[in-house]
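**Q** Provided below for reference: sequence and predicted model.
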Amino acid sequence: MRLLGLEPVHPPSDDPGLIILQIDGLSRSRLEEAIQRGRIPFIASLVHRDRHRIETQYSGQPATTPAVLGELFYGVEQIVPAFSFRDHRSGKVVEMLATEIAEPIEKELAAQSPGLLGGGAAYCDIYSGGADDAQFCPGRTRWKRLDEAGVWTKGLLVFLHLPAMVRMFAAIIRETVLSTWRLVRRRSRVRNWVAELKFIPRHLVASVVLREVTATAIESDAIRGVERVHGNFLGYDDVAHHCGPDADIPHRMLRDIDRSIQRIWHAAHASPRRNYQVWIIADHGQEATIPYSVFAGRSINEAVCEACRDLLPAECVPPLEADESEAKGTGDAASMAPLTVAIGPQGSIYWPGPMANSLREDVARRLVVDARIPMVMYRDGETVHLRTSAGLFQLPEQAAEVFGVDHPHLDSVARDFSRLCSHPDAGDLIIAGWRRGETSISFVDELGAHGGPGPNETSGFAILPPETACTIRGELRPKVLRDMALEWLERPKRGAAAPSSDRTFLRVATYNVHGCIGLDGRLSPARIARVLLSLDADVIALQELDVGRLRSRSVDQAQIIADLLEMKMHFGAAIDVTGERYGNAILSRWPMTLKRAALLSPGRGRSEPRGAVWATVTIGDEPIEVISTHLGLTEADRLQQLATLLGADWPCLGVAHARTILCGDLNSPPGSSICRGLGQTLRDVQLADRQRGLATWPSGFPLRRIDHIFAGDGFRVIETDVPRTRLTRVASDHLPLVVDLEILPACGRRTEPVLARTQTMHS
């Protein structure tokens with residue numbers, strides 16, 4: 001890294017890091033279709049095998065990348081009214097890919113809130129988000145590190161990334177051949193050969209070159225320990241605009257994007273410098289569209305001018321020979337004609353003078369009837385009117401009649417869409433091409449578009465790790481995602497709020513954490529905490545924890561994990577040598593009292609000392625006894641330890657107790673003498689009705705069921721689970737065991753002592 005001028009930005013640690021990978025323009029529905037069709041196998045494996053959750057992300061209005069990223073990076077809604085508009089500061093028509101407008105808008109955003117990516121990196125985004133390293137973003141497209149590198153450094157860079165270079169050039173050749181062949185096959189249907197020929201090089205840059213460069217750069221950032229990274233993959237969106245979101249070509253781009261995400265995911269989770277989460281999101285979706293010029297037989301500018309010609313004052317009527325540039329406001333007749341700015345399915349009409357309310361309604365009606373524009377919206381005082389072919393409506397009050405009661409974001413779309421009229425850069429009238437129940441209209445020549453209120457274009461997604469997805473409350477939109485990101489990065493204590501005292505269900509987990517050392521050799525209490533967060537358990541029993549041991553950097557692993565989960569904790573040492581301790585712990589969201597932490601056997605010869613910790617967890621007024629233990633490796637040791645557990649010093653086990661839960665690594669399979677002994681007073685939860693026993697060790701390829709949870713008669717087993725995800729398979733040498741229990745009403749207790757039977761079995 002140093003030869004390339006890429007210094008590590010963070011030492012090895014458990015500090016949180018976040019990589020957000022954006023698939024531009026892919027809607028939730030088309031994501032699910034791609035998963036079902038096997039187009040994105042790695043993302044599918046995250047969802048199906050690693051239990052990542054797909055959440056719908058509402059894009060806001062307009063459903064464009066500049067608006068979404070303004071909200072995601074800075075928490076500001078509707079920073080722009082559309083992708084292209086007339087800037088009220090300069091009076092010029094601008095597009096958000098231009099530096100001269102992207103920079104001042106980002107300064108305006110930064111004045112309201114600090115950027116999400118402060119100190120991090122951004123790739124292929126409209127804004128930098130405060131990143132120190134922003135590449136291929138408008139106004140900041142220079143790759144500083146590469147520009148300053150010498151010849152030898154550049155040569156080394158090419159050599160080290162030779163596989164990526166080969167992959168990129170192979171993809172360029174493939175896409176060139178396929179795009180050319182597609183053009184030849186469609187030659188009889190091509191309307192604009194110039195546009196089709198221009199598409200091929202643009203497609204190669206957006207779909208191949210930028211994808212490979214972005215993926216390689218983010219892999220490097222993960223290795224260096226960059227805290228915050230956002231990368232935008234443009235390939236699907238770019239091709240979907242040209243060919244339509246349901247065509248084969250954009251879905252082919254998804255396979256390549258999936259491979260890039262896989263490389264980044266593995267690099268992030270292999271990085272020793274941070275405890276990374278990788279989020280996969282889409283800022284918005286796309287609607288299949290018909291170009292307005294095909295639908296109406298003329299351009300949108302011609303249609304607007306013709307429909308409004310006799311409504312203009314005489315001095316403002318443009319000449320019949322006024323060309324397209326004049327209609328767009330760039331010619332001498334600009335001040336005389338209505339200015340129509342519409343790139344995509346949504347845009348604005350700027351009237352050449354003041355507009356009375358009656359004139360707005362008359363113009364809106366003519367645009368719908370004569371120009372066949374599906375929607376025209378305008379403000380009349382405090383009321384927002386929307387004119388369609390079905391009549392005149394008020395927003396947001398009559399949103400259901402306009403967008404349909406089945407719209408997935410009806411209330412939010414109605415609110416945000418109507419608010420566009422108040423944007424300082426919006427026109428006197430806002431036009432939209434979305435049509436309920438019919439193919440939408442785009443005001444430029446494209447077969448896929450976004451920006452309006454359609455169900456697909458407003459429905460992006462977020463694929464989140466289970467420990468993060470479980471924190472979502474209410475509608476997910478970009479600023480909510482921003483808050484979640486900041487919570488992960490800046491306030492890693494993300495435990496659940498204090499539970500209510502009337503709960504009758506309890507989730508219990510047991511986990512041998514192997515000293516927080518994973519199968520990859522990485523020591524990481526924070527990674528164990530991530531596993532436990534994903535379990536969302538109320539009570540957790542842990543084994544093999546180090547406290548103050550040199551081998552684990554002298555930290556208190558139990559306390560670190562409890563702090564990260566914001567749970568109460570009691571620790572019991574089985575080994576305590578000059579302050580270096582090793583043992584078991586119980587964590588709880590509920591009030592908890594330590595009852596006993598003691599040895600079960602002192603350890604002789606090669607046998608290690610083994611212990612247990614017992615705490616009373618109080619749920620409402622109901623005490624529940626919980627024990628966490630780790631039994632020995634030999635049968636003789638385990639029988640001795642079981643006898644101690646069932647003895648007088650541990651009365652919650654020595655006499656059958658309806659409200660007792662014993663958890664731990666028993667080093668014994670089901671059916672062993674240990675499990676049979678415990679089964680005299682408690683039930684193995686994995687043997688309950690409709691449950692199946694699941695192996696927990698070794699985590700990479702589990703063969704043995706040696707981790708157990710036993711519960712008394714005061715509980716009904718609802719479901720048991722052993723999560724097998726990429727994270728759990730590497731975080732420890734054991735897999736966690738989870739059980740959902742229903743706390744039954746108070747019932748009688750068996751009082752038959754079992755110590756004598758256990759002593760007989762031991763002998």
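**A** Right, received. Where do you want to start?
**Q** residues touching residue 379, list them.
**A** Neighbouring residues of residue 379 by C-beta atoms under 8 Å, 6 or more residues apart in numbering: 385, 421, 422. C-betas here are computed from N, CA, C, even on glycine.
**Q** ok, 7 Å please
**A** Residues counted as contacts of residue 379 (C-beta atoms under 7 Å, 6 or more residues apart in numbering) are 421, 422.
**Q** what's the distance between it and residue 355?
**A** As judged by C-beta to C-beta, to the nearest Å, residue 379 and residue 355 stand 10 Å apart.
**Q** cool, residue 473 as well?
**A** For residue 473, the distance to residue 355 under the criterion C-beta to C-beta works out to 43 Å.
**Q** neighbour count for these two, which is higher?
**A** residue 355 (17 against 7; other C-beta atoms under 10 Å).
**Q** settle this for me: the more buried one is touching residue 427, isn't it.
**A** No - Residue 355 lies out of contact with residue 427 (C-beta atoms under 7 Å); the separation is 10.2 Å.
**Q** thought residue 267 was touching residue 222, still the case?
**A** Yes - between residue 222 and residue 267 there is a contact at 4.5 Å, judged by C-beta under 7 Å.
**Q** neighbour count winner among the two?
**A** When residue 222 and residue 267 are compared on other C-beta under 10 Å, the one with more neighbours turns out to be residue 222, at 25 against 20.
**Q** surely the more buried one is in a helix?
**A** Yes - counting by DSSP: H, G, I helix; E, B strand; the rest coil, residue 222 is part of a helix.
**Q** distance check, it against residue 215.
**A** Applying C-beta to C-beta, one obtains 11 Å for the distance of residue 222 from residue 215.
**Q** residue ranges with poor pLDDT in the stretch 101-250 of the chain?
**A** Per-residue confidence of the stretch 101-250 of the chain (counting by pLDDT under 70) places the weak regions at 139-161, 186-190.
**Q** hey, where'd the helices end up in it?
**A** Using DSSP state H, counting those that start in this stretch, the helices assigned to the stretch 101-250 of the chain run over residues 144-147, 151-160, 162-185, 193-204, 210-224, 235-243, 248-270.
**Q** quick check, residue 28 in contact with residue 58.
**A** No - using C-beta under 7 Å, residue 28 is not in contact with residue 58; the gap is 10.1 Å.
**Q** where does residue 389 fall, phi/psi-wise?
**A** According to degrees, to the nearest 10, the main-chain angles of residue 389 amount to phi -70, psi -20.
**Q** quick one: contacts for it?
**A** For residue 389, the residues meeting the contact criterion (C-beta under 7 Å, 6+ apart) are residue 368.
**Q** any idea how far it is from residue 256?
**A** Distance of residue 389 to residue 256, given as C-beta to C-beta: 41 Å.
**Q** and what of residue 385?
**A** In this view, residue 385 and residue 256 are 45 Å apart by C-beta to C-beta.
**Q** repeat for residue 503
**A** Computed with C-beta to C-beta, the distance linking residue 503 and residue 256 is 47 Å.
**Q** now residue 340
**A** Counting by C-beta to C-beta, the gap from residue 340 to residue 256 is 37 Å.
**Q** coming back round to it: and among the helices of the stretch 101-250 of the chain, the most buried is which?
**A** When the helices of the stretch 101-250 of the chain are scored by mean count of other C-beta atoms under 10 Å, the highest mean neighbour count falls to helix 235-243 (a mean of 25).
**Q** so residue 455 touches residue 406, yeah?
**A** No - distance between residue 455 and residue 406: 8.1 Å, which falls outside the contact criterion (C-beta under 7 Å).
**Q** pick out whichever of the two has more residues nearby.
**A** When residue 455 is set against residue 406 and neighbours are counted by other C-beta under 10 Å, the residue ahead is residue 455, at 21 against 9.
**Q** quick check on that one: phi, psi?
**A** Comment: the main-chain dihedrals of residue 455 come out as phi -60, psi -40, following degrees, to the nearest 10.
**Q** what residues are up against it?
**A** Contacts here follow C-beta under 7 Å, 6+ apart; on that basis residue 455 touches 407, 408.
**Q** kindly report the same for the one 10 residues further on.
**A** Contact criterion C-beta under 7 Å, 6+ apart gives 52, 277, 534 as the residues in contact with residue 465.
**Q** swap in 6 Å and give it another go.
**A** The contact partners of residue 465, by C-beta atoms under 6 Å, 6 or more residues apart in numbering, come to 52, 277.
**Q** and it, how close does it get to residue 537?
**A** Using C-beta to C-beta, residue 465 is found at 16 Å from residue 537.
**Q** can you check residue 566 too?
**A** Computed as C-beta to C-beta, the residue 566 to residue 537 distance reads 13 Å.
**Q** list phi and psi for residue 628.
**A** With angles defined as degrees, to the nearest 10, residue 628 shows backbone torsions of phi -120, psi 130.
**Q** pull the number of nearby residues for it.
**A** Residues lying near residue 628 (other C-beta under 10 Å) number 31.
**Q** could you do residue 310 as well?
**A** Applying other C-beta under 10 Å, we find 8 other residues in the vicinity of residue 310.
**Q** residue 695 against residue 701, yeah?
**A** No - taking contacts as C-beta atoms under 6 Å, residue 695 lies outside contact range of residue 701: 9.1 Å.
**Q** who's more crowded, those two?
**A** Neighbours around residue 695 and residue 701, counted as other C-beta under 10 Å, are more numerous at residue 695. The numbers are 17 against 8.
**Q** could I get the buried residue list for stretch 396-414?
**A** 396, 399, 402, 403, 407, 409, 410, 412, 413, 414 (16 or more other C-beta atoms under 10 Å).
**Q** pLDDT, distance to residue 285 and secondary structure for the residues you listed - can I get that in TSV?
**A** As requested, those are exported to TSV (pLDDT from 0 to 100; distance: C-beta to C-beta, whole Å; DSSP: H, G, I helix; E, B strand; the rest coil):
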residue	pLDDT	distance to residue 285	secondary structure
396	94	22	coil
399	96	19	helix
402	95	19	helix
403	96	15	helix
407	96	13	coil
409	97	11	coil
410	96	16	helix
412	96	15	helix
413	96	13	helix
414	96	18	helix
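**Q** turn the residues you listed into a markdown table, columns for distance to residue 487.
**A** What follows is these, written out as a markdown table (distance: C-beta to C-beta, whole Å):
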| residue | distance to residue 487 |
| --- | --- |
| 396 | 30 |
| 399 | 32 |
| 402 | 36 |
| 403 | 32 |
| 407 | 30 |
| 409 | 24 |
| 410 | 28 |
| 412 | 22 |
| 413 | 27 |
| 414 | 29 |
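**Q** out of those, who's nearest residue 301?
**A** Comparing the buried residues of stretch 396-414 against residue 301 with C-beta to C-beta picks out residue 402 as the nearest, at 25.7 Å.
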